[in-house]
Structures are given as C-alpha cells and as structure tokens.
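A.B. asks: output the structure for:
(one chain, ligands or ions: 1)
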Amino acid sequence: MGVRVVCVAQEGKGVGTGHRVRMERLAEGLRKEGVEAGVRVWDGGRWEGEGGEVVWVVDVRRSERGWVRALKEEGVVVALDPDPVLAREADVVLAGLPQAHRERVNVRVAPVWWEVPRREGRGREIRRVLVSFGGEDPWGLTEWVCGLDGGVWGGCEVEVVVGPRFGREVRTGWRVVRPSGPLHERLGDYDLVITSFGLTAYEARKAGVGVLLLNPTAYHAGLGRRAGFAGGRPGRGWVRLLGRVLRGGEEGVWGEGVGGRSAVEVVRGVVEGWGGVGCPGCGERGRRAVWRGEERTVVRCAGCGLEYVLGLGPAEREYGPDYFFEEYRAQYGRTYLEDFASIVERGRERVQVLRRWVPEGGRVLDVGCAYGPFLVAAREGGYVPAGLDVGEDAVAYVRQELGVWAWVGRFEEWEEEGEWDALTMWFVIEHFRRLSEVLDKVARLLKKGGMFAFGTPNARGLSWLLRRDRFYRESPRDHHLLLSVGVVRRLLGRWGMKVVAVRQTGLHPERIPVLGRLFPPGTLRWRITGRLLGLLGLGDTIEIYAKKYG
Ligand SMILES: [Zn+2]
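C.D. replies: Purely as a prediction, here's the structure:
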C-alpha cells in the first residue's frame, strides 16, 4: 500500500533506553504483520524527512513543536505516551503509561505488548531479587540500594543489572550483570524486581514477578501510584517497606496482569485507514486535532478550516441493500422505502429552491440517488432527471420502477461526460475522501450558470455547539468530511462556484438542554424556536445551493 511506518525513539543523556527498546519491539511486531516498518532515533537536533508517505510513531521524552509539525508534513503522527507538546500536536495519541496531562487520548494500549516469559510455580516466596534502574540510572538509585545495610535483605540472593549507558563502577558484594540480550526475557527467573516507574515495572508485572518501585522524583512516584504499584522514594520509609515485602507482609507488590490493546494492532489500523497526506479540500498539510476517539481523530485544516477524519482502521464500506434496509431501520425506525414519500416531499422543497436558477426542462443529475426519491420530485417539477449510485439494487429500482435513467458507479470514476444544468448530492458529499477531485468533476460537468446543490450534516449546528464531544463521537464512521457554511463558501469559490442560498434544516429546538422540554415537536412554539435556530445558522443539517460562474 506504499505507506511506511517509521518508529521514532529518543535516546541520550537523561532519556534512558526504554523508548528505543519499545520502538524496536513495535517495528518488529509490525513487520511480522506484513507492515513495512523501521526505527529512527532523534537526538533533538536537525531532522531529515523520509520523502514519502509515512505513519510516524513517536516515543520521546521531550518533543519540539517545529519538529512535530515537520513530521506532520509527511504523514500522520501517532504519539505514544507523549509530552504535552506532542499531546496537543499529534494526530493520534496512544497512552500506555498513565498520562500527566489532560489532552484527549485515542486509545489506551498495553504498556507491554510483547511476550514476556512468566515466573512459574514459586508462589509468593521471595528468594531472588533483581535491582534494575534502566540503561542509564542518572539519579544514582543503583548506588543507593547497594549502599543499604546488608541485614535488610534477610538472606535473599540479590543481583544488580546495569545497562549500556551506565558509565560507573558499582561497589557491592552482589553479582553485577550487564545483560547482552533483552532484560525482559530473564525477568521470570526472579521473585521480586526493584526498579523505578517505567517499562521494566510493567514487564515484571506481566511476567508475574513482584514489583517494588524506588522512584527518583515525586512525578515518577505519582505515576507509579496511579498505576497501582507499591513503592516510594529513597529514605527510611522505603527501607521499612522493603523489610515488609521480604517478610511477605506486603500484598501490593503482586499486581494483576497488564491490560490494554496491542500497540501493533492499533498502528496497523492507522496504516489501513490511511487516506493520503493533506487536506481533502485544499491540500494543505498543516492541521490540528479537534477530537480524538477510539476509531478516529477529527482534524481541522490550517488552510481552509475543513474538518476531516483520520481513521484508525479501514473505512471502506458497502452501500448494498442492507444499508438502506437494516441499518436505516436501526437508525430511523423504518425502512428507506417506507420513508420514501416523506423524502420525496423534502425533494419537492429542494426543487422549488432550484427553480429560482434552473428553468423547467433542465437536466439534473442526482449523485448518490439511492432509490430515487429526489428523481421523482425533480421530474414532477419539470426537470429531466438522471441518477448515479453505487448500489446495483437501487439503480435497478430507479430504472424499472421509476422509469428514470440511472447508472451504477462511483462518481469519482464515472466516465460519462456531458453538460448538466444542475448536480445534486443529498447527504453524499461527506462520504467522499478526496473532496477536491469531486469538486473538479462537479465544476467540469456543470454548464456555465449551472447549479450545484447538496445537503450535509452541519459541523457548526446546534448539536455541535451544545454537545461537541457527542457530536464527533456519533458522526457515522463513513463520514470523512465535516462541513460548515463558512468552509463550503471558501472552498467552492476556488472552483468558480458561488453560494447563492443556504437552507438550515434539521432544526431541533427540543434538543436544547433544560429549555428543550418547553418546545415539544410539532407545536407552534417549537416551530417559532426552530425558525430562530435557522436564523442563527444552527440547523443540524444544511443545504447549500451554489452557482457556477465563468
Ligand atoms: Zn484545507
């Protein structure tokens, strides 16, 4: 599919080696799943791009805004346990460790998603203890533990592990190990691991080994507590705690397993949901996440303001008979054909608006015509209608039952040419991924002076205004674009079309919190309040009528 995953880790003084280890595991896991993936290290300095289409997975302690924006120019940025800058700037945020900031996370992933051999058959007895403070241990915790009075250990066998960046000598009577392979493969050999909050703690928990944290800072201690680990900071209190642990009096060291989804699976989903780089409307790559959820992130284009979706999984779907029958019924309580008459009625209103610009006898192409309710209304209104739809059943119905000409196909690939007086798309445009290609085609197919009319959910309507989180969460997963009047005006202008009328539809005064019950649907008060919402531009759906000039 041509999209590569590049896992970016940070390494160096004060950063430790854990980020790199995780990114190597991630890249390895992705390659096993058939995804092209590699690892790069960022030292905080100059950065050369990859020159292609990339899903970046970034695992760094400290990022930089300019750098993250440069990454976004080339692709989607997925941040794993981000710092506050990345948490704001990234497209997708995955949290494995507890987060210290308030930015919204897409998915909680398991902090350890690779296999860890388990400790078996030794119960809660503690005989072998491992001391490990990562590859570098800048706080000197290793020395502090080794300096404790030998009596506190009560006859346990203790081993000390130091990593590749540990540049000091440890004076101790215990065995000091510099492991050649990954440490997690040996954790199951021990009964208790003493470490600070981080990956090793989770790996040990996954291995079924007891974990006691010795945390260098209040920040680490806070994260460790929130994650449910026992431990504390260096001091006499911690030594007493160690004594209780070794005597078997501290249940807190035996945590439950490590939950959460696999990061490999989530990143693979981002690759599968790939829709290209850049805004579907204007091509600009600058963007900002406005909402993050389990299945997608909604971003706003820095150029034209269009809101579009970055999916965390495959987005293609079928619009077969099930869509119009089963799903429609689930959503609206009746099938599409049962609703046909009322949709024809709405079509009549739309035809009346079109008649201000398109005279009788005009040729009207309805894209996404479904079973043809608008075609019926257009023919009644004196037009010569035709339909286009991806659903074979729907098109057969239109031809046979309605006697209207219609084609099966996708608009982007449709090769019939010709000139039309009007092109209509009722609740279709938000399904397209490449809006600019669609608008190219609309502009090409329309006569000079012809009309482009469409309806779509309003991304600045009452529901968005009042319950933004719910609005984004409930937006159907096959809607790639979230449009609003201002954005549409700007975009259509680039294609030589001018918005000449906007209808605010989907007016729902009853959705206003608290006051809503004063406006029961159908009453006069409801109609008046609805009109007011319309004047304020707060319809939950909008209809746009634009005229092609030149
Ligand atoms: Zn844009």
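
A.B. asks: who does the helix or strand hosting V487 touch, helix- and strand-wise?
C.D. replies: Per DSSP states H and E: V487 is located in helix 485-494. Applying 3 or more CB pairs under 8 Å, 6 or more residues apart in numbering; DSSP states H and E, we find helix 485-494 packed against helix 435-445, strand 497-505, strand 541-548. Using the backbone N, CA and C atoms, a C-beta is placed for each residue, glycine as well.

A.B. asks: is it in proximity to the ion?
C.D. replies: No: judged by CB under 5 Å from the ion, helix 485-494 makes no contact with the ion; its nearest approach is 7.7 Å.

A.B. asks: if we can go back for a sec, and of the helices and strands packed on helix 485-494, who's closest to the ion?
C.D. replies: Closest approach to the ion among the helices and strands packed on helix 485-494 (CB to the ion): helix 435-445, 8.9 Å.

A.B. asks: CA atoms only: put the host helix or strand of L212 into PDB for me.
C.D. replies: If you go by DSSP H and E, L212 is part of strand 210-214. Provided in PDB are the C-alpha atoms of strand 210-214 (Å, rounded to 0.1, in the frame of the first residue of the first chain):
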ATOM      1  CA  GLY A 210       6.700  -9.000  42.400                       C
ATOM      2  CA  VAL A 211       7.500  -5.300  41.800                       C
ATOM      3  CA  LEU A 212       8.700  -2.700  44.300                       C
ATOM      4  CA  LEU A 213       9.300   0.800  43.000                       C
ATOM      5  CA  LEU A 214      12.000   3.100  44.100                       C
END
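
A.B. asks: and that strand, average pLDDT?
C.D. replies: On average, the pLDDT along strand 210-214 is 96.

A.B. asks: quick one: residues in contact with it.
C.D. replies: Strand 210-214 is contacted by residues 124, 126, 133, 141, 144-145, 191-197, 201, 204-205, 220-221, 224, 229-234, 238, 241-242, 245, 253-255 when judged by CB atoms under 8 Å, 6 or more residues apart in numbering.

A.B. asks: show me where the stretch 301-450 of the chain has its strands.
C.D. replies: In the stretch 301-450 of the chain, the strands defined using DSSP state E, counting those that start in this stretch lie at 307-311, 363-367, 384-389, 405-408, 420-426, 446-457.

A.B. asks: which of these sits closest to the ion?
C.D. replies: strand 307-311 (8.1 Å).

A.B. asks: show me what that closest one is packed against.
C.D. replies: In terms of contacts (3+ CB pairs under 8 Å, 6+ apart), strand 307-311 is packed against helix 263-272, strand 296-301, strand 481-482.

A.B. asks: try it again at 6 Å.
C.D. replies: Applying 3 or more CB pairs under 6 Å, 6 or more residues apart in numbering; DSSP states H and E, one finds that strand 307-311 contacts strand 296-301.

A.B. asks: dump the host helix or strand of Y219 to PDB, restricted to CA.
C.D. replies: Using DSSP H and E, Y219 sits within helix 218-226. Taking Å, rounded to 0.1, in the frame of the first residue of the first chain, the C-alpha atoms of helix 218-226 are listed here in PDB:
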ATOM      1  CA  ALA A 218       7.600  12.900  43.100                       C
ATOM      2  CA  TYR A 219       6.500  12.800  39.400                       C
ATOM      3  CA  HIS A 220       7.500   9.200  39.000                       C
ATOM      4  CA  ALA A 221       6.100   8.300  42.400                       C
ATOM      5  CA  GLY A 222       2.700   9.900  41.400                       C
ATOM      6  CA  LEU A 223       2.600   7.900  38.100                       C
ATOM      7  CA  GLY A 224       3.500   4.700  39.900                       C
ATOM      8  CA  ARG A 225       0.800   5.200  42.500                       C
ATOM      9  CA  ARG A 226      -1.800   5.800  39.800                       C
END
